[in-house]
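In: Okay, here's the prediction I keep looking at, along with the sequence it came from:
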Amino acid sequence: METLQVNRKQIEKLSTVLNNSRIKIFEYLVDEDTLVVYNNKFHIEKTIAGYMDYIDNKSKIHPEDREKVKQIYKEAKEATVEIREFGEDGDIKHSVLEFTKIVNEDGKLTLIGSTRNITEQRKQEKKLKERARKDSLTGLYNQVYGKKCINKYLNRKKPFDSCGMIVLDVDCFKLVNDNYGHLFGDKVLARLAMLLKEVFRDNDSILMRAGGDEFVIFVKDILNIELVRKNVELMQKIRNLQFGKTGCTITCSAGCCYLPENVSGYTYDQLFENADIALYKAKAAAYRSRHAAAAPLLLNARRENRYRLPEQTAHAHHHTITAFCGFHSDSTSFPC
């Protein structure tokens, strides 16, 4: 009786551990192809005969994970594997299965296993990964991750793909911070980021905060004229930005750079520098227009000749990035 009492206490303690750790215990009878699942009191919760067929037809295990689980059961091997399962609400759950092989007294092979729910852990890891990729103020990609994504695309760019880059910054942003405070300056940047998401929501684009008040928009699979139109739309919307009762208005300058079809071998840094040239040309043109009514500037990158194509393509094209142009949000007309 005393021994039984001790065992019950031990079971209660172990049950508490299993509950808190979200672990379930099961065993698989290899010769009988039967799975036995136990509850946290070590009573049989359910028995599933013909378990291999059950995995294929009735299991909640994600279809892409079923084969690797079946392989473990078939080979009766000790292993640890992570799988995805469908929950009652249709959401994906993440679980870790651990298998230990034993031979019963009757000589039959059995897999003793445990399953542990790690869904919350994976969610937290995903959040941390997102935080590492995103700028905390704007929600756009940070410079490190954004640059990595753009270079990845450029390295894999197909012959008939085209792309473009826009580099944008806020004119005299220091004055905004000095006159209205840094918290207000943060609101300006956050509102500008929202505008970028709005304008480029229908495009396959990478939006990133390059640092300070500078932003990079990289658009995949876009025609040159469409990239220019998008830039014009962005500048027009910036002119209409309102910041409550402060009376504060902002102007922005942008440089636009386009990489056409059948051109490859470029990097983020090369595209950025070409777009950056156009950005500062736009600033200079805007300054002149205020003082001498000069029009916005449109440049051809062939004249700048900043970068030549890599050797493998230069002989076929004899040109650099097709064109880049500067835009200013204070202008009333834009080059196309």
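Out: Okay, I see it. Residues are numbered from 1 along each chain as shown.

In: In this protein, which helix is the longest?
Out: Longest helix in the chain by number of residues (criterion: DSSP state H): helix 268-292.

In: Check which residues of it are buried.
Out: Within helix 268-292, the residues that qualify as buried by neighbour count (16 or more other C-beta atoms under 10 Å) are 268, 270-272, 274-279, 281-283, 285-286, 289. Heads up, the C-betas are built off the backbone N, CA and C, glycines and all.

In: Pick out the lowest-pLDDT one from those residues.
Out: The pLDDT minimum for the buried residues of helix 268-292 sits at Ser289, where the score is 70.

In: Could I get the full set of helices for the stretch 151-300 of the chain?
Out: 173-180, 182-199, 224-239, 268-292 (DSSP state H, counting those that start in this stretch).

In: Lys127 is nearest to which of these?
Out: helix 182-199 (19.5 Å; C-beta to C-beta).

In: Run the chain-centre distance for the closest one.
Out: On the basis of C-alpha atoms, centre = their mean, to the nearest Å, helix 182-199 sits 20 Å off its chain's mean C-alpha point.

In: Repeat that for stretch 269-285.
Out: Distance of stretch 269-285 from its chain centroid, counting by C-alpha atoms, centre = their mean, is 27 Å.

In: Now Gly87: closest residue in space, sequence neighbours ignored.
Out: Lys93 (5.0 Å; C-beta to C-beta, 6 or more residues apart in numbering).

In: Am I right that that neighbour is in a strand?
Out: Yes. With DSSP: H, G, I helix; E, B strand; the rest coil as the criterion, Lys93 is assigned to a strand.

In: Put the alpha carbons of stretch 106-124 into CSV.
Out: Below are the C-alpha coordinates for stretch 106-124, written out as CSV (Å, rounded to 0.1, in the frame of the first residue of the first chain):
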residue,chain,number,x,y,z
ASP,A,106,8.4,-10.7,-26.0
GLY,A,107,11.1,-9.6,-28.4
LYS,A,108,8.8,-7.1,-30.3
LEU,A,109,10.2,-3.8,-31.4
THR,A,110,8.6,-0.7,-30.1
LEU,A,111,9.2,3.0,-30.5
ILE,A,112,8.6,5.1,-27.4
GLY,A,113,8.0,8.7,-28.4
SER,A,114,7.2,12.2,-27.1
THR,A,115,5.7,15.2,-28.8
ARG,A,116,6.3,18.7,-27.6
ASN,A,117,4.4,21.8,-28.9
ILE,A,118,6.9,24.5,-29.8
THR,A,119,4.5,26.8,-31.6
GLU,A,120,4.9,29.7,-29.2
GLN,A,121,8.7,29.3,-29.4
ARG,A,122,8.6,29.5,-33.2
LYS,A,123,6.3,32.5,-33.1
GLN,A,124,8.7,34.3,-30.8
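
In: In that stretch, which residues are buried?
Out: For stretch 106-124, a neighbour-count test (16+ other C-beta under 10 Å) marks Thr110, Leu111, Gly113, Ser114, Thr115, Arg116, Asn117, Ile118, Thr119, Arg122 as buried.

In: for stretch 133-149, same thing?
Out: Judged by neighbour count (16+ other C-beta under 10 Å), stretch 133-149 contains these buried residues: Arg133, Lys134, Asp135, Thr138, Leu140, Tyr141, Asn142, Gln143, Tyr145, Gly146, Lys147.

In: What of stretch 177-194?
Out: By neighbour count, and taking 16+ other C-beta under 10 Å as the criterion, the buried residues in stretch 177-194 are Asn177, Tyr180, Gly185, Lys187, Val188, Leu189, Leu192, Ala193.

In: Switch the residues you listed over to JSON lines; also include pLDDT and distance to Gly244.
Out: What follows is those, written out as JSON lines (pLDDT from 0 to 100; distance: C-beta to C-beta, whole Å):
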{"residue": "Asn177", "pLDDT": "92", "distance to Gly244": "17"}
{"residue": "Tyr180", "pLDDT": "92", "distance to Gly244": "11"}
{"residue": "Gly185", "pLDDT": "94", "distance to Gly244": "14"}
{"residue": "Lys187", "pLDDT": "94", "distance to Gly244": "9"}
{"residue": "Val188", "pLDDT": "94", "distance to Gly244": "11"}
{"residue": "Leu189", "pLDDT": "96", "distance to Gly244": "16"}
{"residue": "Leu192", "pLDDT": "95", "distance to Gly244": "15"}
{"residue": "Ala193", "pLDDT": "96", "distance to Gly244": "18"}
